[in-house]
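A.B. asks: for reference, the sequence and a predicted model appear below.
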Amino acid sequence: MAQPSEIDFMLTKVRTELGQIDILVNNAGISRPLPIENITLNDWDETIDTNLRSAFLVTQGCLPQMRSQRWGRIVFLSSIAAQVGGLVGPHYAASKAGMHGLMHYYATHFAKEGITSNVVAPALVKTEMMAANPNASAAYIPVGRFGDVSDVASVVLLLAENSYITGQTLNVNGGWYMS
């Protein structure tokens, strides 16, 4: 999902099968927990490309239509790692922090065109990605448990429905990072 040709193919397929894209949820991502001394340049590039570059490319592909209809919702699925460094490594934290910068730009520049842009920043949600992280522990979470996918999905749905929330990071992390 990091190559323009892949993005163009995907967007064409989605538009053919489902119609115009009014709500975009940038949720592509990889997580490879590694000690810093084991992170290679390839690990860095692949993580940035998959987690951040793809979000930029997909958003760029959806913006013209959103702008022409003066309505759209852009939601980035980031991570608590963007705010506290996380448990995966600096490659992952940097890729997720970059999403916050993208969101702020889009929110600032397109709000008057009816396009909102926000970030959802979860922590330790019960997914295959989390299960593969040997560092994941509910001990980090003040509420004392891992999150459910539905905890995150309900916030994404809120942002898709709401026209007045833009430029925000909604933390879905059980109290790990309080803002």
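C.D. replies: Nice, thanks for sending it over. Numbering: from 1, shown residues only.

A.B. asks: and stretch 63-71, which residues are buried?
C.D. replies: Buried residues in stretch 63-71, counted by 16 or more other CB atoms under 10 Å: 63, 66. (Each C-beta comes from the backbone N, C-alpha and C, glycine too.)

A.B. asks: meant to ask about stretch 78-91
C.D. replies: Neighbour counts over stretch 78-91 (16+ other CB under 10 Å) mark 78-83, 86-91 as buried.

A.B. asks: quick one, what contacts Val88?
C.D. replies: Residues near Val88 by CB atoms under 8 Å, 6 or more residues apart in numbering: 31-34, 81, 133, 135.

A.B. asks: switch the cut-off to 6 Å
C.D. replies: 31, 33 (CB atoms under 6 Å, 6 or more residues apart in numbering).

A.B. asks: go on, the one 10 residues further on?
C.D. replies: Contacts were defined as CB under 6 Å, 6+ apart; by that measure Gly98 touches Leu52.

A.B. asks: give me the element it is part of.
C.D. replies: If you go by DSSP states H and E, Gly98 is part of helix 90-110.

A.B. asks: now swap in Pro134 and tell me
C.D. replies: Pro134 is part of no helix or strand, with elements assigned from DSSP H and E.

A.B. asks: return the per-residue confidence for it.
C.D. replies: Predicted confidence (pLDDT) for Pro134: 73.

A.B. asks: now the phi/psi pair for it, please.
C.D. replies: With angles defined as degrees, to the nearest 10, Pro134 sits at phi -70, psi -10.

A.B. asks: check contacts around the nearest residue in space to it that is not next to it in sequence.
C.D. replies: Closest residue to Pro134 apart from its sequence neighbours, by CB to CB, 6 or more residues apart in numbering: Pro33 at 6.5 Å. The contact partners of Pro33, by CB under 6 Å, 6+ apart, come to 88, 133, 135.

A.B. asks: still on that earlier bit, show the average pLDDT along the helix holding Gly98.
C.D. replies: Helix 90-110 shows a mean pLDDT of 97.

A.B. asks: next one: whichever strand or helix holds Val155 to chain centre, how far?
C.D. replies: Secondary structure from DSSP H and E places Val155 in helix 149-161. Chain-centre distance of helix 149-161: 13 Å, with CA atoms, centre = their mean, to the nearest Å.

A.B. asks: quick check: mean pLDDT across the helix or strand following that helix?
C.D. replies: Using DSSP H and E, the helix or strand that directly follows helix 149-161 along the chain is strand 169-172. Taken as a whole, strand 169-172 carries a mean pLDDT of 96.
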